[in-house]
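Participant: structure for the following, please:
(one chain, ligands or ions: 2)
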Amino acid sequence: MTIRHHLSDQLLMGYAAGSLPEAFSLVVATHVSLCDECRARLASYDTLGGALIEAQGQVTMGEDALEAALARISGTAQATQRAPLRAAGIFPAPLADYIGSDLAAIRWQPIGMGVKQAILPTDREATARLLYIPAGVAVPDHGHRGAELTLVLQGAFADANDRFGPGDVEIADEAMQHTPVAMAGMDCICLAATDAPLKFRALLPRLVQGLFRI
Ligand code: ZN
Ligand code: ZN
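Facilitator: Ligands and ions are numbered 1, 2, ... in the order given. Have a look, this model is predicted:
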């Protein structure tokens with residue numbers, strides 16, 4: 001798996017600090033379980049967090065403390081990396097913990113044009129869902145009132161910005177308007193998290209979005 005689209009520093013730091021909504025934590029944990037690069041970055045934030053707390057007790061916080069903490073952790077990030085746990089099927093272990101590993105057991109809810117979703121049980125601060133987008137089908141053109149993370153589990157999708165394959169994560173915010181289209185050849189399955197309703201241009205999706213929590 002060649003991953004080209006990774007998590008932001010902000011997301012990794014939030015995850016390390018335990019400050020993300022559960023739905024976002026699930027996407028971060030799932031990407032990290034697939035991605036050596038983000039796992040190494042996360043390990044350094046975990047260590048950095050601990051070192052900063054330690055340093056805070058000793059000296060006044062400032063650039064020196066950050067530098068000292070960074071010096072202390074250099075070289076240790078590699079050592080603290082753990083091999084990811086792999087679950088059977090397309091669901092990586094952190095996700096399989098939520099929904100089991102059996103794709104056939106997912107209870108999909110049709111949301112139009114052959115697109116299906118399954119909302120996952122997380123706290124209501126943000127919503128996590130599986131999305132099933134048939135090959136060649138587009139999700140309606142939309143903008144975002146908050147953050148949206150979309151992690152590809154199977155197949156691929158593209159929007160005007162880029163192409164996203166297995167393991168890639170797209171990070172969308174208020175500034176982004178897009179029309180994700182599943183690539184031909186294979187149905188696309190994604191794990192997505194949003195912390196605010198999407199903004200649809202077309203009337204039909206606007207009418208049903210409350211129903212589907214999109
Ligand atoms: Zn990554
Ligand atoms: Zn979006």
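Participant: wait, His178 touches Phe164, no?
Facilitator: No - counting by C-beta atoms under 8 Å, His178 does not reach Phe164; the two are 10.9 Å apart. Glycine gets a C-beta too; all of them are placed from N, C-alpha and C.
Participant: and the two? Which one has more around it.
Facilitator: Higher neighbour count among His178 and Phe164: Phe164, with 24 against 20, using other C-beta atoms under 10 Å.
Participant: contact partners for that one?
Facilitator: Residues in contact with Phe164, defined by C-beta atoms under 8 Å, 6 or more residues apart in numbering, are His5, Thr150, Val152, Ala156, Phe157, Ala158, Glu170.
Participant: those residues in strands, which ones?
Facilitator: Within those, residues falling in strands by DSSP state E are Thr150, Val152, Phe157, Ala158, Glu170.
Participant: now the buried members of the residues you listed.
Facilitator: Neighbour counting with 16 or more other C-beta atoms under 10 Å marks Thr150, Val152, Phe157, Ala158, Glu170 as buried within the ones in strands among the contacts of Phe164.
Participant: now, which of those sits nearest ligand 2?
Facilitator: Thr150 (6.7 Å; C-beta to the ion).
Participant: where exactly do the strands run in this protein?
Facilitator: So, for the chain - with DSSP E - the strands run 109-112, 115-119, 127-133, 142-144, 148-154, 157-158, 163-164, 169-172, 181-182, 188-194, 198-200.
Participant: can I get these in JSON lines with distance to ligand 1 and mean pLDDT?
Facilitator: Shown next, in JSON lines, are the strands of the chain (distance: least, C-beta to the ion, whole Å; pLDDT from 0 to 100):
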{"stretch": "strand 109-112", "distance to ligand 1": "28", "mean pLDDT": "90"}
{"stretch": "strand 115-119", "distance to ligand 1": "24", "mean pLDDT": "94"}
{"stretch": "strand 127-133", "distance to ligand 1": "18", "mean pLDDT": "95"}
{"stretch": "strand 142-144", "distance to ligand 1": "21", "mean pLDDT": "90"}
{"stretch": "strand 148-154", "distance to ligand 1": "10", "mean pLDDT": "96"}
{"stretch": "strand 157-158", "distance to ligand 1": "17", "mean pLDDT": "96"}
{"stretch": "strand 163-164", "distance to ligand 1": "12", "mean pLDDT": "97"}
{"stretch": "strand 169-172", "distance to ligand 1": "7", "mean pLDDT": "95"}
{"stretch": "strand 181-182", "distance to ligand 1": "22", "mean pLDDT": "96"}
{"stretch": "strand 188-194", "distance to ligand 1": "14", "mean pLDDT": "96"}
{"stretch": "strand 198-200", "distance to ligand 1": "24", "mean pLDDT": "82"}
